[in-house]
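*Asks:* whatever this is, show me its structure:
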Amino acid sequence: MLKEFKEFILTGNVIDFAVAVILAGAVGLVVNGFVNDIMMPIVGNFAGGLDFADMKYVLSAAEVGADGTVTKAENAIRYGAWINSIINLIIVGFVLFMMVKAYNKTKKPAEDEAAGPSQEELLAEIRDLLKK
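*Replies:* Okay, here's the model as predicted:
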């Protein structure tokens with residue numbers, strides 16, 4: 001059983017998958033930082049200086065005791081954080097789209113060669129054979 005597990009864990013697919021998961025986590029942090037630190041201030045500037053992360057609908061306000069300590073925390077719907085998540089999703093989706101598009105461009109010439117001659121080339125060959 002240990003030998004089977006060793007063979008499984010050392011296959012290329014598992015190692016490739018592990019590397020992909022680690023890279024996805026790192027890319028996620030970079031994209032999240034890009035969205036929160038670069039894009040959202042720009043979007044907020046065009047929205048009149050609004051910071052989406054602070055946008056919320058308060059359901060019940062926080063209760064503060066006489067000594068200044070919070071006795072009951074605020075209950076709020078933080079829809080601004082949700083807007084940030086949506087923008088983050090759109091940016092990640094666009095980046096992945098561009099990566100897949102670039103990857104597909106590198107693969108198309110190999111697929112075209114493997115597909116064989118085009119219809120025009122086949123017709124030209126038939127014409128040449130009929131002439132002979």
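*Asks:* next, the buried residues of the worst-scoring helix or strand of the chain on mean pLDDT.
*Replies:* Sorting the helices and strands of the chain by mean pLDDT, DSSP states H and E puts helix 79-115 at the bottom, at a mean of 78. By neighbour count with 16 or more other Cβ atoms under 10 Å, helix 79-115 contains the buried residues G80, N84, I87, N88, V92. Bear in mind the C-beta positions are built from the backbone N, C-alpha and C, glycine included.
*Asks:* which elements pack onto the helix or strand that L59 is a member of?
*Replies:* Using DSSP states H and E, L59 sits in strand 57-60. Here strand 57-60 touches strand 75-77, going by 3 or more Cβ pairs under 8 Å, 6 or more residues apart in numbering; DSSP states H and E.
*Asks:* what about the strand it packs on, average pLDDT?
*Replies:* The average pLDDT for strand 75-77 rounds to 91.
*Asks:* tell me the centre residue of the chain?
*Replies:* For the chain, the residue nearest the mean C-alpha position is V92 (3.2 Å; Cα atoms, centre = their mean).
*Asks:* which helices and strands does the host helix or strand of V19 pack with?
*Replies:* When elements are assigned from DSSP H and E, V19 belongs to helix 12-34. Contacts defined by 3+ Cβ pairs under 8 Å, 6+ apart place helix 12-34 against helix 79-115.
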